[in-house]
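> What would the 3D arrangement of this be:
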Amino acid sequence: MSKAIAINEDQLFTDFGKLSKERKKEVADFIAYLKVKEEVEATKEILRDKDLLQSIMRGDEDFK
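Residues are numbered from 1 along each chain as shown. Prediction:
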């Protein structure tokens, strides 16, 4: 079960600013990984919904 997590963005950016250049690169790489992971999960969710997928495919055919 997921719990709400409070994120202090100001503190996050302050802490990020204090990291070495190498660590900032690691953070950037991890963020890029998480972004792709979310996109893949969203795509998988759409593909599992057969009605939505058929609707998208019909729309694509209409567009052509």
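> Just give me how far the lowest-mean-pLDDT helix or strand in the chain sits from the chain centre.
Across the helices and strands of the chain, the lowest-confidence element by mean pLDDT, DSSP states H and E is helix 50-63, at a mean of 85. Computed by Cα atoms, centre = their mean, to the nearest Å, the chain-centroid distance of helix 50-63 equals 24 Å.
> all numbers from here: first residue = 8
In the new count, where the first residue is 8, that last one comes out as helix 57-70.
> That one packs against which elements?
Contacts defined by 3 or more Cβ pairs under 8 Å, 6 or more residues apart in numbering; DSSP states H and E place helix 57-70 against helix 28-55. The C-beta positions use only the backbone N, C-alpha and C, and glycine is treated the same way.
> If I take the helix it packs on and helix 57-70, what angle do their directions form?
90 degrees (axes from the mean of the first three to the mean of the last three Cα atoms, to 10 degrees).
> so for helix 28-55, what's the average pLDDT?
The average pLDDT within helix 28-55 is 95.
> What of stretch 17-24?
For stretch 17-24, the mean confidence score works out to 94.
> can I have that stretch written out in PDB, keeping just the CAs?
Provided in PDB are the C-alpha atoms of stretch 17-24 (Å, rounded to 0.1, in the frame of the first residue of the first chain):
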ATOM      1  CA  ASP A  17      13.300  23.600  -1.800                       C
ATOM      2  CA  GLN A  18      15.400  21.300   0.400                       C
ATOM      3  CA  LEU A  19      15.800  18.900  -2.400                       C
ATOM      4  CA  PHE A  20      17.200  21.500  -4.700                       C
ATOM      5  CA  THR A  21      19.400  22.900  -1.900                       C
ATOM      6  CA  ASP A  22      20.800  19.400  -1.300                       C
ATOM      7  CA  PHE A  23      21.300  18.800  -5.000                       C
ATOM      8  CA  GLY A  24      23.300  22.000  -5.300                       C
END
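> Okay, buried residues for that stretch please.
Across stretch 17-24, burial judged by 16 or more other Cβ atoms under 10 Å covers no residue at all.
> got a list of contacts for that stretch?
Residues from elsewhere that reach stretch 17-24 (Cβ atoms under 8 Å, 6 or more residues apart in numbering): K31, V34.
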